[in-house]
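**Student:** build me a model:
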Amino acid sequence: MKVTKIETFISDVYRTNWVFVKVHTDSGLYGVGEATLEHQELTVEAAVKELNRHLVGKDPHDIEAFFHDTLRNSYWRGGPVLMSAMAGVEMALWDIKGKDLGVPVYQLLGGKVRDKVPCYANGWFAPAKTPEEFAAKAKETVKKGYKGLKWDPFGSAYLTLTKEEFNLAIDCIAAVKDAVGNEMEILIEGHGRFNLPTALKVAHAIEDFGVLWFEEPLPPENLEGLAQLKKRTKVSIAAGERLYGRMDYKTFFNLQCADFAQPDVSHSGGIMETRKIAAMAECHHIPVCPHNPIGPIANAATLQLAACTPNFYLLETMSADVPYRHELTTEQVNFKDGFMEIGNAPGLGIDIKTENCKKYPYQPHDLRHYNGKLTEIRPADAKDSFQQNTYANEHQ
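**Tutor:** The predicted structure follows:
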């Protein structure tokens, strides 16, 4: 079996564009992956197309050789664009291997350690702005069974917070905590926005709320500062979504800069590279909670990792999405009581509906974090991504 070509499909989904990858072989078997790189979708698509030179004519089963040789032959190696492009193709190769052997990908990585994984919600808050609006949205989300709520309460602040911004953020956290009580975990997102003294001030202020973690409180390149922050607060620190492979994570673990590791399967080189990062985390007794806010194929790949990774702890899920989410792929997810079940279909268990993808062509989107539109993450007509048990089956 040989690879014949790599295709890409880009679909607008309101806040970003999903970048789907399809790897074809001369046997007629193909695999799918996802290389979504928010706000650089056309750039990563070009990088995926460059990979045709590395892969066409090769055996798709030789996944480790593809990863190693591609990285070796890329003089400007690493970084978000190359590693995201490689991730999308690598996922597709695992999908081919699983389909060819008739087993889900997790069976190729050692088999299951669990049948389902607990989920926390992101995106649940849209388009809340005030503490009262966040609290009302939180009460709605509790009823859906998620195990936790994550959000960024810091508006458009960057590096520092005015007293008014600080007080508003703390009031927002207090309002959500009052709304959900001890029923759900509270996870505070920083989006890498603060300098060290501001992050320390916030961390100390949220200690009494019993939050599960404070995520990316410092810019992602400042791992030394993150290690300082971790030593000076009682709040657990989560980070790592903007590290692009195990070599980046070597420094992360050596510095002991976080309590939770958050590699993103779509940006860290793919399934096997993320599995290796998880193994490194396991040696440090650190739980892995992958960054997973993008599309359905990335979610399917992350579920395969959840199945076979002992220190996988929580799955990030976007609780609401564009109403046509299930038009774009064959995604089938069984979500019940805050857990997502891990399916047993061969490969990744998902396919692209390529003709439907063309109905929603690429649209440019800019980062919302610093322009006052942070919480406008979903359209007004957004639907639940994963209704209890039946959503995907009803929308095929």
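
**Student:** so Val23, which of the three states?
**Tutor:** What DSSP: H, G, I helix; E, B strand; the rest coil gives for Val23 is strand.

**Student:** which residues does it contact?
**Tutor:** Listed by Cβ atoms under 8 Å, 6 or more residues apart in numbering, the contact set of Val23 reads 3, 5-7, 30-33, 55, 60, 89, 92-93, 95-96. Heads up, the C-betas are built off the backbone N, CA and C, glycines and all.

**Student:** go on, Lys139?
**Tutor:** Ala179, Val180.

**Student:** in which helix or strand does it reside?
**Tutor:** If you go by DSSP states H and E, Lys139 is part of helix 131-142.

**Student:** convert the C-alpha atoms of that helix to PDB, please.
**Tutor:** Extracted C-alpha coordinates of helix 131-142, given in PDB (Å, rounded to 0.1, in the frame of the first residue of the first chain):
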ATOM      1  CA  PRO A 131     -21.100  38.300  36.500                       C
ATOM      2  CA  GLU A 132     -24.900  37.900  36.500                       C
ATOM      3  CA  GLU A 133     -24.900  36.700  32.900                       C
ATOM      4  CA  PHE A 134     -22.000  34.200  33.600                       C
ATOM      5  CA  ALA A 135     -23.900  32.900  36.600                       C
ATOM      6  CA  ALA A 136     -27.100  32.300  34.600                       C
ATOM      7  CA  LYS A 137     -25.100  30.500  31.900                       C
ATOM      8  CA  ALA A 138     -23.400  28.400  34.500                       C
ATOM      9  CA  LYS A 139     -26.700  27.200  36.000                       C
ATOM     10  CA  GLU A 140     -27.800  26.100  32.500                       C
ATOM     11  CA  THR A 141     -24.600  24.100  32.000                       C
ATOM     12  CA  VAL A 142     -24.800  22.300  35.300                       C
END
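
**Student:** any buried residues in it, and which?
**Tutor:** Under the neighbour-count criterion of 16 or more other Cβ atoms under 10 Å, helix 131-142 has Pro131, Phe134, Ala135, Ala136, Lys137, Ala138, Thr141, Val142 buried.

**Student:** what's the pLDDT at the first one?
**Tutor:** The reference is to Pro131. In this model, Pro131 is scored at 97, pLDDT.

**Student:** list the contacts of the nearest residue to it once chain neighbours are set aside.
**Tutor:** Closest residue in space to Pro131, ignoring its immediate chain neighbours: Ala175 at 3.7 Å, by Cβ to Cβ, 6 or more residues apart in numbering. By Cβ under 8 Å, 6+ apart, the contact list for Ala175 reads Pro131, Glu132, Phe134, Ala135.

**Student:** could you dump those to TSV with distance to Met340?
**Tutor:** Output for the contacts of Ala175, formatted as TSV (distance: Cβ to Cβ, whole Å):
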residue	distance to Met340
Pro131	30
Glu132	30
Phe134	24
Ala135	26
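
**Student:** of those residues, which is the nearest to Arg242?
**Tutor:** Of all these, Phe134 has the smallest distance to Arg242: 25.4 Å, by Cβ to Cβ.

**Student:** go ahead and confirm the closest one touches Ala169.
**Tutor:** No: Phe134 is beyond contact range of Ala169, at 10.6 Å (criterion: Cβ atoms under 8 Å).

**Student:** which residues in the stretch 101-250 of the chain form strands?
**Tutor:** 116-122, 148-151, 185-189, 213-215, 237-239 (DSSP state E, counting those that start in this stretch).

**Student:** just the buried positions in the third one, please.
**Tutor:** Same thing as strand 185-189. So for strand 185-189, counting by 16+ other Cβ under 10 Å, buried means Glu185, Ile186, Leu187, Ile188, Glu189.

**Student:** which of the residues you listed sits closest to Leu223?
**Tutor:** Nearest to Leu223 out of these is Glu189 (Cβ to Cβ; 18.1 Å).

**Student:** dig out what that closest one forms beta bridges with.
**Tutor:** Counting by DSSP bridges, Glu189 forms beta bridges with Glu215.

**Student:** I figured it hits Glu215, correct?
**Tutor:** Yes: assessed by Cβ under 8 Å, Glu189 is found in contact with Glu215 at 4.8 Å.

**Student:** if we can go back for a sec, okay, and the common contacts of Phe134 and Ala169?
**Tutor:** Pro153.

**Student:** tilt between the helix holding Lys139 and strand 185-189?
**Tutor:** 130 degrees (axes from the mean of the first three to the mean of the last three Cα atoms, to 10 degrees).

**Student:** in what helix or strand does the residue nearest the centre of the chain lie?
**Tutor:** Closest to where the C-alpha atoms of the chain average out (Cα atoms, centre = their mean) is Asn292, at 1.6 Å. Counting by DSSP H and E, there is no helix or strand that carries Asn292.

**Student:** can you pull the pLDDT of it?
**Tutor:** 97.
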